[in-house]
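Enquirer: please find the sequence and the predicted model below.
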Amino acid sequence: MALMPRRVKHRKSQRRRIKGNASRGNTVSFGDWGLQSLDPGHITGQTIEACRIAATQYVRGEGKVYIRIFPQKSVTARPLETRMGKGKGDPDRWVAVIRPGTIMFELTGVDKEAARDCFNRVAHKLPVRVRLVGRRPKI
C-alpha cells in the first residue's frame, strides 16, 4: 500500500507554487551517499515505494536504505466525464513536495560505484532530475 499520513488536520490542501531551494533536509545525515533533487516537483507515495523496492533489491542486505521524504500533501481530482462546477474533488493521492536540493534517499554500507548503480535505478522512476552526493566530513 502506498505511503500516506494516518491523520491530517485538513483533508484538502491547495497546490501552491514550489519556490526556492531546500533550506532543510539538504545534507546527507544518516548514510554515506545521498540522492539529491535538482528540480522542484511532487513525488507520489507510489513512486516513493517503487524507489524503495528498487534500492533495497539492489543492496540485498549489504547496505541500508534511508528514505528522507514523506507524502503529506493531498492532491484532489474530479471523476472523469464530470461537468464543471460542484466544488473540489475528493483526495486522489498523496505527494511529497520536493524542492531543489532536497536529499530524498540515502545509502550506507556500500562503495561509490554501488551507490551510483543503485541510485541510477532509482532515478529512472523519479519525475525530477537528481544527482549523487556524498557526506561532507565534519570539522
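Expert: Alright, I've got the coordinates. Note that the structure is a prediction, hence the values are computed from the model and not measured.
Enquirer: now the helices: where do they sit in this structure?
Expert: 45-59, 112-123 (DSSP state H).
Enquirer: got TSV for these, with distance to residue 74 too?
Expert: For glycine as for every other residue, the C-beta is placed from the backbone atoms N, C-alpha and C. Output for the helices of the chain, formatted as TSV (distance: least, CB to CB, whole Å):
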stretch	distance to residue 74
helix 45-59	11
helix 112-123	24
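Enquirer: now residue 103: closest residue in space that isn't a chain neighbour?
Expert: With CB to CB, 6 or more residues apart in numbering as the criterion, residue 103 has its nearest non-adjacent residue at 4.3 Å, and that residue is residue 34.
Enquirer: count of neighbours near that neighbour?
Expert: 26 (other CB atoms under 10 Å).
Enquirer: what's opposite it in the beta bridge?
Expert: With DSSP bridges as the criterion, residue 34 is bridged to residue 106, residue 133.
Enquirer: and it, what is it in contact with?
Expert: 28, 68, 103-107, 132-135 (CB atoms under 8 Å, 6 or more residues apart in numbering).
Enquirer: residue 66 reaches residue 105, doesn't it?
Expert: Yes: counting by CB atoms under 8 Å, residue 66 sits close enough to residue 105 to count as a contact (6.8 Å).
Enquirer: between the two, who's got more neighbours?
Expert: Using other CB under 10 Å, the more surrounded residue of residue 66 and residue 105 is residue 105, with 25 against 17.
Enquirer: and the pLDDT for the residue lying farthest from the centre of the chain?
Expert: Most distant from the centre of the chain: residue 83, at 33.3 Å, with distances by CA atoms, centre = their mean. Residue 83 carries a pLDDT score of 94 in this model.
Enquirer: mind putting the helices of the chain in a markdown table, mean pLDDT and mean neighbour count included?
Expert: Shown next, in a markdown table, are the helices of the chain (pLDDT from 0 to 100; neighbours: other CB atoms under 10 Å):
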| stretch | mean pLDDT | mean neighbour count |
| --- | --- | --- |
| helix 45-59 | 96 | 18 |
| helix 112-123 | 96 | 17 |
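Enquirer: residue 19: which of these is closest?
Expert: helix 45-59 (22.2 Å; CB to CB).
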